[in-house]
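Undergrad: Predicted model, plus sequence, below.
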Protein chains: 2
Amino acid sequence: VNVAGVMSGTSADGINVAILRITGTDEDIRFELLAQSETAYPTAVRDALLRLMNAQVASVPDISRMNFLLGELYAQAVQRAVSKTKLTTVDLIGCHGQTIYHQGESALHLGKRVSCTWQLGEGAITAARLQTNVVSDFRPADMAAGGKGAPLVPYLDYLVYRSKTRGRILQNLGGIANLTAIPAGAAIDDLIAFDTGPANMVIDACMEHLFDKKYDAGGKVALSGRVLQSVLNKLMRDRFFRRKPPKTAGREEYGREYLTHLLQQCRRAKKEDIVATATALTAKSVGIALERFVISRVRPHTFKDYVVAGGGLKNRALMKMLAVEIAPFGLTLKSSDDFGVPAQSKEAIAFAIMAYQTWNRRTSNVPAATGADRRAILGKISYA
Amino acid sequence: VNVAGVMSGTSADGINVAILRITGTDEDIRFELLAQSETAYPTAVRDALLRLMNAQVASVPDISRMNFLLGELYAQAVQRAVSKTKLTTVDLIGCHGQTIYHQGESALHLGKRVSCTWQLGEGAITAARLQTNVVSDFRPADMAAGGKGAPLVPYLDYLVYRSKTRGRILQNLGGIANLTAIPAGAAIDDLIAFDTGPANMVIDACMEHLFDKKYDAGGKVALSGRVLQSVLNKLMRDRFFRRKPPKTAGREEYGREYLTHLLQQCRRAKKEDIVATATALTAKSVGIALERFVISRVRPHTFKDYVVAGGGLKNRALMKMLAVEIAPFGLTLKSSDDFGVPAQSKEAIAFAIMAYQTWNRRTSNVPAATGADRRAILGKISYA
């Protein structure tokens, strides 16, 4: 069947769509990428979304309107991607939605312990506009099963990268950096997957604050600066880097507050040096994570490939620093593009496949990655 | 199959559950009510919910937590109701959720016309706790089909009350008063259904403000007062009462602002008289609605029964006033209890049946009631 996957990341830039032809079930799933597209959010929508994330002061009517509005925008984005193929429509849509809150750890609220997650984008609207069934809201079912609701992409990693002979580590560099380690010959429960810390979220925030630019194109600014070693050392003392996986991070950890904290540490430093340091923070936290929670935990050490995906792949400064970090482990640096999973569409592809699983009433969370007690069928179905 | 329906009304008092045994499909659906239960919300939850409704200032994290918390509370409430039966579990749950916003009319938002609706109560949580599939979020699909997302209960009304020989008018008196008129021998598209105006919402608000009580028990306060005729006349000039159906009302129309408006009109009046006037407002708006939009519109006049459901049934002052209003139309006043649909469980029963329809991929909106362009499969499925 032909399935569209729709993803909007935490940076709220816009909408990624992947159109897949999928066959098989569970571990025998095969897919072919028919088309992909990126659609920027209208500026007013992006601004409103960034304001909503974790907001203490939000308008209930406006959130509700945004939920339905995103359902419309997702439908348009899917339509655009479909028009790049020879298809006139798809059979199913998997839509992640836009996360505006995620609390992976449970805490007491009004007398009961709850963890929670929240993605906007009304599935019924998208389903009606395209006359196609939609699966949305993937994360709650994993949390209901005791998981953190993230990361979910390891399911795709397992399908694409598992190998009898080569252990592989998949590194995604989106707003947050997360990795999935798949030892040679691993079963799905042998995966190690967790967020290693920030990636573009902190770098982008520095660029916005210091240079009024959205991101460090090609890593040029970081390449022109020097890493502030003492600041980096301080930042690396963060409790998060010591916590054992599974663990997740988000705007809660590496958002506005964190930027303020980082800038305070850097005080009189050159702006380029601050960006270089933010970039080094990502690389270093990946290196530490590999050492502590992956390489030293899997014996024998079967890992051969280190496969990078996500926007960070275009940041040459970051890639140079990462090469240094992985050098001790004898890994070959590769791009996810080499495996038929273009970096920018990875998550959209993952949610297309998860929707396909859900439609077939099959599970698609990876308990080893999310910490869930059991496999769960993810998402909610809206019929066209 | 055995299905639980779960409803939480706009007054946010608590959770109604109905357990049904259902057979057949579409118009041939038959059901038997096995048990019903009412569970009050914990006070802190109710207070938080009332604060959230239409709030301009709300915390995104708190809303998200509430969504998951309600999923837990709904699971507990269903469990309680199941334990009143001989069953150990049900096969399916239909959960309406707690509405915190509803905008039936579309309006421009960030450059796009949207209408929207929002019910809290995470289906994935309820599904996981009871290991039972859940249908939730019934209203968006009707709105995606161009409807106002309300009222949905006419679907049940049609199943229960249609008759070849007796036209029937079903009057629900919850927070809002709504009616469904089913002419003798009507097809589902011949229904007339709409909100007639306020019911307990305004009376309760008066009681809370004037007497620090939740409601007017048995209508005693209203019975001890006199209707302020000039105030009533002014209130009845409200644009809403002249608007043609389909039309819906909610806390947006008859919430806090309306109470302030009403109290201003009543200025130096006795407290009992104000409550009597609020009660008369409900009765009068029903009478006007019947005359303008039902009796005069359906020829021949086949209506015989006027069947009342909802909390208002216990308000003797209101029932007395309603008897006067319907007298000119030759209707027999009945209680929904006479038809095997206990007043307090009507909506819970309706959502059980709608969930059953959705599970079987059948439609359950009534376009004649909501204004939708077409029938739609309502709700989203969360698999256990």
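TA: Thanks, I have it.
Undergrad: SS state for residue A:278?
TA: helix (DSSP: H, G, I helix; E, B strand; the rest coil).
Undergrad: can I assume residue A:159 is in contact with residue A:28?
TA: No. Between residue A:159 and residue A:28 there is no contact under C-beta atoms under 8 Å: 9.1 Å. (Glycine included, C-beta is placed from N, CA and C.)
Undergrad: These two: who's more crowded?
TA: residue A:159 (21 against 8; other C-beta atoms under 10 Å in any protein chain shown).
Undergrad: The more buried one: helix or strand, and which one exactly?
TA: Residue A:159 belongs to helix A:154-161 when elements are defined using DSSP states H and E.
Undergrad: Downstream of that helix, the next helix or strand is which one?
TA: strand A:167-173.
Undergrad: Just want the angle from that next one to helix A:154-161.
TA: Between strand A:167-173 and helix A:154-161, the angle comes out at 130 degrees (axes from the mean of the first three to the mean of the last three C-alpha atoms, to 10 degrees).
Undergrad: what's in contact with strand A:167-173?
TA: Contact with strand A:167-173 is made by A:153, A:157, A:161-162, A:177-184, A:186, A:196, A:199-200, A:282, A:286, A:290, A:294, A:298, A:301-313, A:315, A:318, A:322, A:331, A:336, A:346, as judged by C-beta atoms under 8 Å, 6 or more residues apart in numbering or on different chains.
Undergrad: hmm, which of these are the buried ones?
TA: Applying 16 or more other C-beta atoms under 10 Å in any protein chain shown to those, the neighbour count classes A:153, A:157, A:161-162, A:177-184, A:186, A:196, A:199-200, A:282, A:286, A:290, A:294, A:298, A:302-313, A:315, A:318, A:322, A:331, A:336, A:346 as buried.
Undergrad: Looking at the residues you listed, which are in strands?
TA: A:177-182, A:196, A:303-309 (DSSP state E).
Undergrad: can you tell me which of those residues are up against chain B?
TA: For chain B, no contacts are drawn from those by C-beta under 8 Å from any C-beta of the partner chain.
Undergrad: Make CSV out of those and add distance to residue A:63.
TA: Below are these laid out as CSV (distance: C-beta to C-beta, whole Å):
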residue, distance to residue A:63
A:177, 29
A:178, 27
A:179, 33
A:180, 32
A:181, 37
A:182, 38
A:196, 31
A:303, 43
A:304, 46
A:305, 42
A:306, 40
A:307, 37
A:308, 35
A:309, 31
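Undergrad: which one of these is nearest chain B?
TA: Lowest distance from chain B to these (C-beta to the nearest C-beta) belongs to residue A:178, with 21.4 Å.
Undergrad: So, low pLDDT: which residues of chain A?
TA: Chain A contains no residues with pLDDT under 70.
Undergrad: quick one, helices of the stretch 151-300 of chain A?
TA: Listed in chain order, the helices of the stretch 151-300 of chain A (DSSP state H, counting those that start in this stretch) span A:154-161, A:200-211, A:220-224, A:229-235, A:239-242, A:251-254, A:256-266, A:271-290.
Undergrad: list the contacts for residue A:195?
TA: A:150, A:151, A:176, A:177, A:178, A:247, A:248, A:249.
Undergrad: ok, 6 Å please
TA: A:176, A:178, A:248, A:249 (C-beta atoms under 6 Å, 6 or more residues apart in numbering or on different chains).
Undergrad: Just give me the longest helix of chain A.
TA: helix A:60-82 (DSSP state H).
Undergrad: tell me what that one is packed against?
TA: strand A:14-23, strand A:30-40, strand A:92-109, strand A:112-120, helix A:123-130, strand B:92-109, strand B:112-120 (3 or more C-beta pairs under 6 Å, 6 or more residues apart in numbering or on different chains; DSSP states H and E).
Undergrad: which one of those has the most crowded surroundings?
TA: Most buried of the helices and strands packed on helix A:60-82 by mean neighbour count (mean count of other C-beta atoms under 10 Å in any protein chain shown) is helix A:123-130; its value is a mean of 26.
Undergrad: Which SSE is immediately downstream of that one?
TA: Following helix A:123-130 toward the C-terminus (DSSP H and E): strand A:133-136.
Undergrad: Can I get whatever helix or strand comes next after that following strand as CSV, trimmed to CA atoms?
TA: Toward the C-terminus, strand A:133-136 is succeeded by helix A:139-144 as the next helix or strand (DSSP H and E). Extracted in CSV, the C-alpha atoms of helix A:139-144 (Å, rounded to 0.1, in the frame of the first residue of the first chain):
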residue,chain,number,x,y,z
ARG,A,139,3.2,8.8,21.5
PRO,A,140,0.4,8.4,24.2
ALA,A,141,0.0,4.6,23.7
ASP,A,142,3.7,4.1,24.5
MET,A,143,3.4,6.2,27.6
ALA,A,144,0.2,4.4,28.6
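Undergrad: ok, what's across the strand from the residue nearest to residue A:359 when sequence neighbours are not counted?
TA: Closest residue to residue A:359 apart from its sequence neighbours, by C-beta to C-beta, 6 or more residues apart in numbering or on different chains: residue A:92 at 5.5 Å. As for beta bridges, residue A:92 partners with residue A:3, residue A:133 under DSSP bridges.
Undergrad: Would you mind naming what in chain A lies close to chain B?
TA: Within reach of chain B by C-beta under 6 Å from any C-beta of the partner chain, chain A has these residues: A:44-45, A:54-61, A:64-65, A:68-69, A:100-101, A:109-110, A:112, A:114, A:116, A:118, A:122, A:124-125, A:128, A:140-141, A:144-145, A:377, A:380-383.
Undergrad: Could you turn the buried ones of those residues into a PyMOL selection?
TA: Here is the PyMOL command that picks out the buried ones among the residues of chain A next to chain B, judged by 16+ other C-beta under 10 Å:
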select buried, chain A and resi 45+54+55+58+59+60+61+64+65+68+69+100+101+109+110+114+116+118+122+124+125+128+140+141+144+145+377+380+381+382+383
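Undergrad: wait, isn't residue A:271 in contact with residue A:210?
TA: Yes. Using C-beta atoms under 6 Å, residue A:271 is in contact with residue A:210, at 4.4 Å.
Undergrad: Find the residues that touch each one of these two.
TA: In contact with both residue A:271 and residue A:210: no residue, using C-beta under 6 Å, 6+ apart.
Undergrad: Now do residue A:297: how many residues are near it, please.
TA: 14.
Undergrad: What does it show for phi and psi?
TA: With angles defined as degrees, to the nearest 10, residue A:297 sits at phi -100, psi -20.
Undergrad: ok, how many other residues are close to the residue lying closest to it once chain neighbours are set aside?
TA: Distances taken as C-beta to C-beta, 6+ apart put residue A:192 closest to residue A:297, at 6.9 Å, once the chain neighbours are dropped. Per other C-beta under 10 Å, the neighbour tally for residue A:192 reads 21.
Undergrad: pretty sure residue A:192 is touching residue A:180, no?
TA: No. Residue A:192 lies out of contact with residue A:180 (C-beta under 6 Å); the separation is 7.3 Å.
Undergrad: Need phi/psi at the residue of chain A most remote from its centre.
TA: The C-alpha centroid of chain A is most remote from residue A:268, which lies 33.2 Å away (C-alpha atoms, centre = their mean). Backbone torsions for residue A:268, taken as degrees, to the nearest 10, come to phi -90, psi 10.
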